[in-house]
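Q: Pasting the sequence and the predicted model now:
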Amino acid sequence: MKIKTINTENAPQPRGHYSQAVVYNGLVFVSGQLSIDPQTGEKKLGSIEEQTEQALKNVAEILKAADSDLSRVLKMTVYVSDIGLWNAVNEVYARFMGENRPARAVIPTGELHYGFLIEIEAIAAVNA
């Protein structure tokens, strides 16, 4: 079975040696997304709510490009710079995810690069 690489202009372009996502055997694996506006390349370093929303928008756009969506997410991993931010993150996350409650891991990391407060990666099923 072939591995398909996903690249959409509607999410930030990779700045390193990785893909936005790869699809294999009916699953899409989305690389960690930061709060970067894909249209302008601007790093959104505002509130944790703003950063969470932009990171989730980026995940959603990549899933869309891979013929999937947030309702098909099986697992999310959320890296957060300070676990004290978790309540605010979870409020935005719950609004975005709606009824879907995928498996999830929350990993407090300490400082993330470039001043970001959050990074989010996902595994989802593609539409059949």
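A: Everything's here; your move. Numbers count the residues shown, from 1 in each chain.
Q: the strands in this structure, which residues?
A: In order along the chain, the chain carries the following strands (DSSP state E): 4-6, 21-24, 27-33, 73-80, 103-108, 118-125.
Q: how near is N10 to S31?
A: Taking C-beta to C-beta, to the nearest Å as the criterion, N10 is separated from S31 by 15 Å. Just so you know, the C-beta spots here come from the backbone N, C-alpha and C atoms, and that holds for glycine as well.
Q: still on that earlier bit, now the strands of the chain in TSV, with distance to M97?
A: As requested, the strands of the chain are arranged in TSV below (distance: least, C-beta to C-beta, whole Å):
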stretch	distance to M97
strand 4-6	20
strand 21-24	18
strand 27-33	14
strand 73-80	7
strand 103-108	9
strand 118-125	10
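Q: Could you dump the ones you listed into JSON lines and include mean pLDDT?
A: Conversion of the strands of the chain to JSON lines gives the following (pLDDT from 0 to 100):
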{"stretch": "strand 4-6", "mean pLDDT": "97"}
{"stretch": "strand 21-24", "mean pLDDT": "98"}
{"stretch": "strand 27-33", "mean pLDDT": "98"}
{"stretch": "strand 73-80", "mean pLDDT": "98"}
{"stretch": "strand 103-108", "mean pLDDT": "97"}
{"stretch": "strand 118-125", "mean pLDDT": "98"}
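Q: between the ones you listed, which one is nearest to E53?
A: Shortest separation from E53 across those is recorded for strand 118-125, at 9.9 Å, computed as C-beta to C-beta.
Q: Give me the residues contacting that closest one.
A: Counting contacts by C-beta atoms under 8 Å, 6 or more residues apart in numbering, the residues outside strand 118-125 that touch it are 26-35, 48, 51-52, 55-56, 59, 63, 66, 68-70, 72-81, 85, 89, 102, 112.
Q: Once you drop chain neighbours, what's closest to F96?
A: With C-beta to C-beta, 6 or more residues apart in numbering as the measure, L56 is the residue that lies nearest to F96, at 4.7 Å, once sequence neighbours are left out.
Q: What is the burial count for the nearest residue to Q54 once chain neighbours are set aside?
A: Among residues not flanking Q54 along the chain, S35 sits closest, at 3.8 Å (C-beta to C-beta, 6+ apart). For S35, the neighbour count with other C-beta atoms under 10 Å is 26.
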